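In: Okay, sequence plus prediction incoming.
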Amino acid sequence: MGRETVLFKSEEKKSRGQVAEMLRLIADKVEQGRLSISSGSQGVDISIPQNVVLEIKVEEETKVKTKKSLEIEIEWVEGGDEEIATEVKID
């Protein structure tokens with residue numbers, strides 16, 4: 001089984017508008033194929049291939065209160081080229 005190493009992690013409260021602005025910036029960088037991300041002394045530079053796997057997940061967790069999350073993950077295998085598959089529609 002492989003080993004997972006976290007290269008960068010950040011979690012901070014933002015307004016919905018700030019999140020949308022950051023997602024637009026990330027989208028532009030993904031389209032360009034290169035992304036540099038940093039916070040304080042930690043940072044990472046990544047190259048993104050032409051074809052990737054996009055995972056979108058919505059979860060609901062109920063304890064005392066109900067917590068919902070929207071997770072967007074982009075992944076690829078270095079040196080690999082992912083096939084284009086069925087499209088997800090977002091309205």
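Out: Yes, it's here.

In: ok, for the residue nearest the centre of the chain, nearest residue in space, not its chain neighbours?
Out: Centroid check for the chain by CA atoms, centre = their mean gives residue 73 as the closest residue, at 4.0 Å. Closest residue to residue 73 apart from its sequence neighbours, by CB to CB, 6 or more residues apart in numbering: residue 55 at 4.2 Å. Where C-beta positions appear, they are placed from N, C-alpha and C, glycine not excepted.

In: next one: residue 49
Out: That would be residue 76: by CB to CB, 6+ apart, it lies 5.4 Å from residue 49.

In: And residue 58, by the same measure?
Out: That would be residue 70: by CB to CB, 6+ apart, it lies 5.5 Å from residue 58.

In: And the helices in the protein, which stretches?
Out: 16-32 (DSSP state H).

In: got a pLDDT number for the residue located most distally from the centre of it?
Out: Farthest-out residue of the chain from its mean C-alpha position, per CA atoms, centre = their mean: residue 64, at 28.3 Å. We note a pLDDT of 93 for residue 64 in this prediction.

In: For the residue nearest to residue 58, list the residues it contacts.
Out: By CB atoms under 8 Å, 6 or more residues apart in numbering, the contact list for residue 70 reads 56, 57, 58.

In: Assess the claim that the last one and residue 88 are in contact.
Out: Pointing back at residue 58 there. No. Here residue 58 does not reach residue 88: they are 11.5 Å apart, not a contact under CB atoms under 8 Å.

In: No more questions from me, cheers.
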